[in-house]
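> fold the following, please.
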Amino acid sequence: MNTMTLWHITGWEFAALALAALLVGFSKTAVSGANTVSLAVFAAVLPARASTGVLLPVLIVGDLLAVASYRRHAHWPTLWRLFPAVAAGVVLGTLFLVWADDGIVRISIGAPLLLMAAVTVCRRRRAGADEEPDPVATRAGRVKARSYGVLGGFTTMVANAGGPVMSLYLLSAGFRKLGFLGTSAFFFLIVNLSKVPFSAGLGLIDGRSLLLDAALAVFVVPGALFGTWAVNRINQRLFEQLVIAATVVGGAQLLLR
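Residues are numbered from 1 along each chain as shown. Model prediction:
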């Protein structure tokens with residue numbers, strides 16, 4: 001499969017990818033799940049299969065910055081509970097990508113985006129207070145962790161779309177903001193690094209695609225810095241509404257493309 005390089009996209013397309021990379025940095029350090037918008041942008045500008053390979057190193061840069069910011073707040077028992085199921089999901093996602101063509105991959109990106117947007121809306125309507133419950137008192141069971149883990153591993157391998165799945169799991173487990181961000185940061189750093197050999201083996205990552213990633217990584221840094229500054233100042237409710245709206249538009253665009 002031909003990977004995309006700087007010379008295969010227009011200036012406007014690169015500008016769109018740069019803004020998406022900026023949002024990746026912001027989402028990793030402030031509002032987890034907001035990078036579903038970045039996912040839609042990458043898949044709209046690049047071929048759907050190629051977009052997953054180009055986006056992965058950009059996400060890893062964001063993960064490294066998030067770990068640097070919130071490493072002290074990670075909850076490792078939760079991570080160890082999730083990893084075996086996530087590994088199974090990544091393997092299933094890799095097998096899916098072996099035979100899935102560009103159209104099927106596009107649908108596999110667009111449909112989960114719309115589904116996760118609907119789930120997020122339902123969660124917001126059911127939330128009766130801003131405070132989150134204590135994570136020890138409301139921790140999800142093993143079956144729930146395995147279900148979310150497999151689904152998260154599959155969606156993150158196929159479309160780098162595991163963020164909404166794991167965000168919902170961590171929220172349902174009662175994590176507070178810093179614990180949520182710290183646990184999420186380590187989770188996605190480890191999972192995304194583990195996906196690199198699979199993506200390279202499928203031809204989704206090579207030296208040429210990494211050149212584009214190097215240019216886009218520059219934009220992740222200011223997004224992450226802004227996220228760490230804004231995490232305690234941003235109007236969370238309004239921003240989530242904007243993210244949901246953008247996710248719906250992006251998912252619909254992919255399905256109708």
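> all helices of this structure, in order?
Across the chain, reading from the start of the chain, the helices by DSSP state H fall at 11-29, 36-45, 48-70, 76-99, 102-126, 142-159, 162-172, 177-201, 207-230, 236-256.
> please work out which of these is packed deepest.
For the helices of the chain, the largest average neighbour count (mean count of other CB atoms under 10 Å) is found in helix 36-45, namely a mean of 26. (Glycine included, C-beta is placed from N, CA and C.)
> quick check: mean pLDDT of it?
Helix 36-45 comes out with an average pLDDT of 84.
> could you tell me the least trusted of the helices of the chain?
The stretch with the lowest mean pLDDT among the helices of the chain is helix 236-256, at a mean of 66.
> and residue 10, how many neighbours?
Residue neighbour count, defined by other CB atoms under 10 Å, stands at 9 for residue 10.
> how about it, phi and psi?
The main-chain torsion angles of residue 10 are listed as degrees, to the nearest 10 and equal phi -80, psi 170.
> per-residue confidence for it?
Turning to residue 10, the model gives it a pLDDT of 87.
> distance of it relative to residue 206?
With distances taken as CB to CB, to the nearest Å, residue 10 is found 22 Å from residue 206.
> and residue 255, how far is that from residue 17?
The value you get for residue 255 to residue 17, if CB to CB is used, is 21 Å.
> whoops, residue 154 was the one
Counting by CB to CB, the gap from residue 154 to residue 17 is 25 Å.
> and what of residue 37?
12 Å.
> residue 184 too?
When residue 184 is compared with residue 17 (using CB to CB), they lie 23 Å apart.
> same thing with residue 70?
Remark: distance between residue 70 and residue 17 (CB to CB) = 26 Å.
> now do residue 205
Residue 205 sits 16 Å away from residue 17, going by CB to CB.
> residue 145 now?
Counting by CB to CB - residue 145 and residue 17 are separated by 34 Å.
> ok, residue 217 - contacts?
The contact partners of residue 217, taken as CB atoms under 8 Å, 6 or more residues apart in numbering, are 21, 57, 58, 61.
> can you check residue 73 too?
Residue 73 touches 178, 179, 181, 182, 183, counting by CB under 8 Å, 6+ apart.
> and if you look at residue 226?
With contact set as CB under 8 Å, 6+ apart, residue 226 has these partners: 25, 26, 30.
> nearest residue to residue 97 in space, please, no chain neighbours.
Closest residue to residue 97 in three dimensions, ignoring its sequence neighbours and counting by CB to CB, 6 or more residues apart in numbering: residue 202, at 5.6 Å.
> ditto for residue 62
What sits nearest to residue 62 in space, not counting adjacent residues and going by CB to CB, 6+ apart, is residue 28, at 3.7 Å.
> was I right about that neighbour contacting residue 70?
No. In this structure, residue 28 sits apart from residue 70 without contact. The criterion is CB atoms under 8 Å, and the distance is 9.5 Å.
> which neighbours do those two have in common?
Overlap between the neighbourhoods of residue 28 and residue 70 consists of residue 185, taking contacts as CB under 8 Å, 6+ apart.
> ok, now how distant is the residue nearest to residue 193 when sequence neighbours are not counted from residue 198?
Counting by CB to CB, 6+ apart, residue 193 lies nearest to residue 60, which is 6.5 Å off, once chain neighbours are set aside. For residue 60, the distance to residue 198 under the criterion CB to CB works out to 14 Å.
> kindly report the same for residue 223.
Separation of residue 223 from residue 198 (CB to CB): 26 Å.
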